[in-house]
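# Have a look at this fold, sequence not included:
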């Protein structure tokens with residue numbers, strides 16, 4: 001039996017074998033951080049079991065000349081289920097992503113450099129905007145109204161959300177996480193708003209769908225109880241997003257419920273030293289922290 005960090009992801013991208021989605025994981029910082037985090041918890045991981053769910057792109061059918069009545073959420077859910085059943089590998093893929101020692105050292109050097117850049121920005125109180133990151137996935141950054149002078153960061157559209165609150169009990173220094181490092185590398189000003197001022201946009205978009213999937217899988221992973229997983233995230237009224245979510249989780253259960261995996265732990269937080277790989281010195285400014293979706297054992 002080998003031990004793996006378990007990571008769940010949802011995406012709208014192509015997740016077929018050989019796709020760009022899997023190719024990019026070769027340099028993914030989060031995977032390297034998770035290897036370090038698992039060791040800090042006393043495990044020696046053989047890699048990360050990357051579990052990807054693709055979000056159905058089907059749209060609800062509207063009434064038209066051929067269809068007298070618009071599709072109901074229940075009908076839509078069944079259509080999603082039928083499509084998922086017809087091509088499960090299109091919607092669900094798992095793969096083991098490994099890290100060699102030199103790859104981990106390079107990733108650690110990248111993270112150390114990012115943390116040092118954050119320290120310098122804090123000391124100088126300079127948080128430059130990166131206008132090349134204002135648009136991603138055909139939408140403007142959530143902080144665009146603030147950076148462009150349309151809305152103050154104190155506006156009701158941005159709520160106070162303490163950064164890394166769930167990890168506070170473990171730390172004795174400020175934290176750097178995969179998310180905060182990624183935010184800083186994308187745009188220092190965005191990092192400043194989110195992690196220094198701790199203001200987050202009140203938005204309801206694809207991320208809320210991803211969070212609901214994650215919450216359901218947190219329940220499902222140790223028990224394989226589909227009903228409990230659905231109950232954890234279902235709304236009293238079946239809307240189209242919930243219908244899509246139910247179909248996605250039902251298909252996931254059918255795809256993986258019989259997979260022989262031993263679940264060791266779920267939602268394991270870690271907080272450990274941030275180490276300079278060139279010298280072995282521990283940072284006196286930051287610690288590395290995060291949360292693992294799970295730790296599992298399975299046959300090689």
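Sure thing, it's come through. Keep in mind it's a predicted model, so treat the numbers as computed, not measured.
# For the rest of this, base every contact and every neighbour count on C-alpha atoms.
Noted.
# Could you pull out the buried residues of the helix or strand where residue 31 lies?
According to DSSP states H and E, residue 31 maps onto helix 29-40. For helix 29-40, the neighbour count (16 or more other CA atoms under 10 Å) marks 29, 30, 31, 32, 33, 34, 35, 36, 37, 38 as buried.
# And that helix, what does it pack against?
strand 2-11, strand 48-54, helix 101-124, helix 178-186, strand 262-275, strand 282-298 (3 or more CA pairs under 8 Å, 6 or more residues apart in numbering; DSSP states H and E).
# Show the pLDDT at the spatially closest residue to residue 269 that is not a sequence neighbour.
Excluding the flanking residues, the one nearest residue 269 by CA to CA, 6 or more residues apart in numbering is residue 291, at 4.2 Å. We have a pLDDT of 94 for residue 291.
# Assess the claim that residue 291 and residue 268 are in contact.
Yes - here residue 291 reaches residue 268: they are 5.4 Å apart, a contact under CA atoms under 8 Å.
# Between the two, tell me which one has more neighbours.
residue 291 (18 against 14; other CA atoms under 10 Å).
# Read off the pLDDT value for residue 170.
pLDDT, read off for residue 170, is 67.
# Can you pull out the low-pLDDT segments for the stretch 51-200 of the chain?
168-170 (pLDDT under 70).
# residue boundaries of the helices in it?
73-86, 88-91, 101-124, 144-147, 178-186, 188-191 (DSSP state H, counting those that start in this stretch).
# Turn the ones you listed into a markdown table, columns for mean neighbour count and distance to residue 228.
Formatted as a markdown table, the helices of the stretch 51-200 of the chain follow (neighbours: other CA atoms under 10 Å; distance: least, CA to CA, whole Å):
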| stretch | mean neighbour count | distance to residue 228 |
| --- | --- | --- |
| helix 73-86 | 18 | 18 |
| helix 88-91 | 19 | 22 |
| helix 101-124 | 16 | 38 |
| helix 144-147 | 16 | 39 |
| helix 178-186 | 18 | 29 |
| helix 188-191 | 22 | 36 |
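# Burial check on residue 217, number of neighbours?
Quick note: residue 217 (other CA under 10 Å) scores 25 neighbours.
# Give me the distance between it and residue 31.
19 Å (CA to CA, to the nearest Å).
# how about the helices and strands packed on helix 29-40 in CSV, adding distance to residue 192?
Formatted as CSV, these follow (distance: least, CA to CA, whole Å):
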stretch, distance to residue 192
strand 2-11, 26
strand 48-54, 30
helix 101-124, 9
helix 178-186, 8
strand 262-275, 21
strand 282-298, 16
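# re the thing from before, residue 10: which of the helices of the stretch 51-200 of the chain is closest?
helix 88-91 (9.8 Å; CA to CA).
# Looking at the helices and strands packed on helix 29-40, which is nearest to residue 250?
Between residue 250 and the helices and strands packed on helix 29-40, the shortest gap by CA to CA is with strand 48-54, which sits at 11.7 Å.
# Could you tell me which residues make contact with residue 288?
Residue 288 makes contacts with 175, 176, 177, 271, 272, 273, 274, as judged by CA atoms under 8 Å, 6 or more residues apart in numbering.
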